[in-house]
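Engineer: A structural model of the following input is requested.
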Amino acid sequence: MFVLSLLGGAALAAFLPIFRILLAVELILYCITLVAAGVHASIRQKKAFLAIGLPVAIATMHITWGAGFLWSMIKGVFTDRSPERK
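Structural biologist: All right, here's what the predicted structure looks like:
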């Protein structure tokens with residue numbers, strides 16, 4: 001849903017100014033959440049690199065897995081699933 005909301009928000013933001021604001025708010029909240037999780041993990045585990053590394057890793061996983069899921073859904077619509085006839 002996150003990747004779909006980014007794609008839809010970006011497409012609609014090109015035409016409707018309110019979607020620019022909504023997209024910006026979504027991205028800001030997402031980044032704040034990621035940074036907070038990274039700082040929390042960094043403090044808890046006493047490893048400074050987690051403050052940056054964890055948010056980057058989580059964002060990468062969200063975007064790639066979400067895009068892969070959307071791609072498989074789109075691909076599935078256009079794939080023939082009928083059983084092969086011999």
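Engineer: so after the helix or strand harbouring Leu23, what's the next helix or strand?
Structural biologist: Using DSSP states H and E, Leu23 sits within helix 17-45. Where DSSP H and E defines the elements, the next helix or strand beyond helix 17-45 is helix 50-77.
Engineer: follow-up on the earlier one: which helices and strands does the helix holding Leu23 pack with?
Structural biologist: helix 2-13, helix 50-77 (3 or more Cβ pairs under 8 Å, 6 or more residues apart in numbering; DSSP states H and E). Bear in mind the C-beta positions are built from the backbone N, C-alpha and C, glycine included.
Engineer: need these in CSV (columns: mean neighbour count, mean pLDDT and distance to Leu34).
Structural biologist: Shown next, in CSV, are the helices and strands packed on helix 17-45 (neighbours: other Cβ atoms under 10 Å; pLDDT from 0 to 100; distance: least, Cβ to Cβ, whole Å):
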stretch, mean neighbour count, mean pLDDT, distance to Leu34
helix 2-13, 14, 92, 12
helix 50-77, 13, 93, 4
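Engineer: these into a markdown table, with extra columns for distance to Ala36?
Structural biologist: Shown next, in a markdown table, are the helices and strands packed on helix 17-45 (distance: least, Cβ to Cβ, whole Å):
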| stretch | distance to Ala36 |
| --- | --- |
| helix 2-13 | 17 |
| helix 50-77 | 9 |
